[in-house]
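In: Got a sequence here, can you model it:
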Amino acid sequence: QVQLVESGGGLVQPGGSLRLSCAASGFPFRSYAMSWYRQAPGKERELVAAITTAGGSTDYADSVKGRFTISRDNAKNMVYLQMSSLKPEDTAVYYCRARALVLFTPTVYEYWGQGTQVTVSS
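Out: Residues are numbered from 1 along each chain as shown. The predicted structure is shown next:
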């Protein structure tokens, strides 16, 4: 049974920090690229950060560059999002996503977590 379980969300003041975690199970984690998305009320879900299978490459939305850091631990089947200098506009539900392509085929495997709420407010 595939599971992605996010944790670590909560209420934080502007300028504060949070570390989100995503625990994966039920699939070969180290073969999947991982990413964090977020969705604010009334807005579309957007990509926040992504990391390749071995963690050698990362990418970030312009709005979070320099403030957020994505990382993964393939031995523990975990992916993290360290968020600092948080702003009210970072308020959203944050989702973990796993994605893998089957080479030379159109097959894509994709899994999502249930999300964790992050609220940045004084």
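In: wait, isn't residue 98 in contact with residue 78?
Out: No - under the criterion of C-beta atoms under 8 Å, residue 98 makes no contact with residue 78, lying 11.8 Å away. No exception for glycine: its C-beta is placed from N, CA and C like everyone else's.
In: Same drill for those two, tell me which one is more crowded.
Out: More crowded of residue 98 and residue 78, by other C-beta atoms under 10 Å: residue 98, with 22 against 16.
In: in the longest strand seen in the chain, what counts as buried?
Out: Longest strand of the chain, by residue count under DSSP state E: strand 92-101. Neighbour-count burial for strand 92-101 flags 92, 93, 94, 95, 96, 97, 98, 100 (criterion: 16 or more other C-beta atoms under 10 Å).
In: where do the strands sit along the protein?
Out: Using DSSP E, the strands assigned to the chain run over residues 3-7, 10-12, 18-25, 33-39, 46-51, 58-60, 68-73, 78-83, 92-101, 108-112, 116-120.
In: Return the list of strands paired to the first one, each annotated with direction.
Out: Within its sheet, and counting by DSSP bridges, strand 3-7 is paired with strand 18-25 (antiparallel).
In: Pull the residues that contact the partner strand.
Out: With contacts defined as C-beta atoms under 8 Å, 6 or more residues apart in numbering, strand 18-25 is touched by 1-10, 12, 32, 34, 36, 77-83, 86, 94, 96, 98, 113, 116, 118.
In: next one: it to chain centre, how far?
Out: Its chain's average C-alpha position is 8 Å from that of strand 18-25, according to C-alpha atoms, centre = their mean, to the nearest Å.
In: what pLDDT, on average, does it get?
Out: Computed over strand 18-25, the mean pLDDT rounds to 98.
In: buried residues in it?
Out: Buried residues in strand 18-25 (16+ other C-beta under 10 Å): 18, 20, 21, 22, 23, 24.
In: residues contacting the residue nearest to the spatial centre of the chain?
Out: In the chain, the C-alpha nearest the mean C-alpha coordinate belongs to residue 36, at 2.1 Å (C-alpha atoms, centre = their mean). Residues near residue 36 by C-beta under 8 Å, 6+ apart: 20, 22, 47-50, 70, 79, 81, 94-97.
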